[in-house]
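Based on what follows, work out the 3D shape:
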Amino acid sequence: MQALLELQELDRKIAVCRAEEKELPKQKDKYAIHRKRLAAELKESEDKCKQIQQKQRECTGDIEQRQEQLKKYDTQLYSIRKNEEYKALLHEMELMKKQIAIKEERIIALMLEYDESKAALQADKERIEGEVKKIEQECKVIDDKLHVLISERKELEKSRGPVAAKVPHDLLSRYERVRKVRTPAVVPLNDETCGGCFMAVRPQIVNEILANDKIHACQHCGRLLYHVANLETSSADAHGESIPS
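Residues are numbered from 1 along each chain as shown. Next comes the predicted model:
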């Protein structure tokens with residue numbers, strides 16, 4: 001039973017390692033979400049600069065079109081004979097010049113806006129790069145922990161064979177069957193109750209467990225039962241100590 005308990009403790013440690021191996025990578029999920037949010041922030045800042053540049057190009061193109069139209073109007077002036085048509089064309093040209101002036105003022109405003117957006121983009125890049133670096137460092141810490149955990153678990157699994165070899169085959173088989181459905185599979189008998197499900201154990205089984213005559217399972221949950229005092233006696237016998245009466 002002492003060897004079986006040693007095996008169970010080893011299996012418990014292996015199970016803890018496996019559970020942590022499963023949970024550790026999940027800690028990186030929040031960093032992945034944060035990284036996506038930062039990427040979205042950077043894209044939004046970049047898009048703003050691109051949109052301003054696009055507006056500048058549109059204004060410049062509009063000005064060029066109006067200037068070409070002005071040239072045509074200017075050429076037409078020499079061919080007009082009627083005074084009313086001449087005045088109307090001059091009026092149209094004045095309106096066109098005013099529209100060009102408005103667009104030019106708009107371009108100046110957009111240039112100032114672009115400079116501000118570009119400065120904000122640079123600041124965002126530096127901030128986001130710093131945050132991404134921190135995220136990468138945190139993720140590396142998690143990866144390092146996982147690597148150590150896997151190494152520890154493999155070492156534990158490597159030592160399981162020799163420990164299991166110390167348990168009688170029949171008892172080991174019973175233990176393996178129970179631990180597939182319940183853990184811990186081996187529990188102490190506490191005041192005539194099972195230390196696993198806390199249900200009362202039949203008196204005859206209690207007596208046989210106390211006498212250390214036979215290994216029994218709880219009739220309710222199937223866990224293997226032992227009496228702590230028997231382990232202490234076995235340990236004392238192994239060290240050649242006398243047991244006080």
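
how much space between A200 and C218?
Counting by C-beta to C-beta, to the nearest Å, the gap from A200 to C218 is 10 Å. Just so you know, the C-beta spots here come from the backbone N, C-alpha and C atoms, and that holds for glycine as well.

domains of the protein?
Domain assignment for the chain by automatic domain parsing gives 2-165, 169-238.

worst average pLDDT in the ones you listed?
Of all the domains of the chain, the minimum mean pLDDT falls on domain 169-238 (a mean of 88).

got a list of contacts for stretch 174-192?
1, 4-5, 7-8, 11-12, 15, 167, 194-196, 200-201, 203, 206, 209-210, 215, 217-218, 221-228 (C-beta atoms under 8 Å, 6 or more residues apart in numbering).

deepest of the domains of the chain, which one?
Neighbour counts (mean count of other C-beta atoms under 10 Å) averaged over each of the domains of the chain peak at domain 169-238, with a mean of 15.

Could you identify the helix or strand that succeeds the helix ranked longest in the chain?
In the chain, taking DSSP state H as the definition, the longest helix is helix 83-165. Elements were assigned by DSSP states H and E; along the chain past helix 83-165, the next helix or strand is helix 169-179.

Alpha carbons of the helix or strand following that next one, as PDB, please.
Downstream of helix 169-179, the next assigned helix or strand under DSSP H and E is strand 186-190. Only the C-alpha atoms of strand 186-190 are listed here, as PDB (Å, rounded to 0.1, in the frame of the first residue of the first chain):
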ATOM      1  CA  VAL A 186      -6.700   5.400  -2.900                       C
ATOM      2  CA  VAL A 187      -8.100   7.100   0.200                       C
ATOM      3  CA  PRO A 188      -7.800   6.600   3.900                       C
ATOM      4  CA  LEU A 189     -10.400   5.000   6.100                       C
ATOM      5  CA  ASN A 190     -11.600   7.700   8.500                       C
END
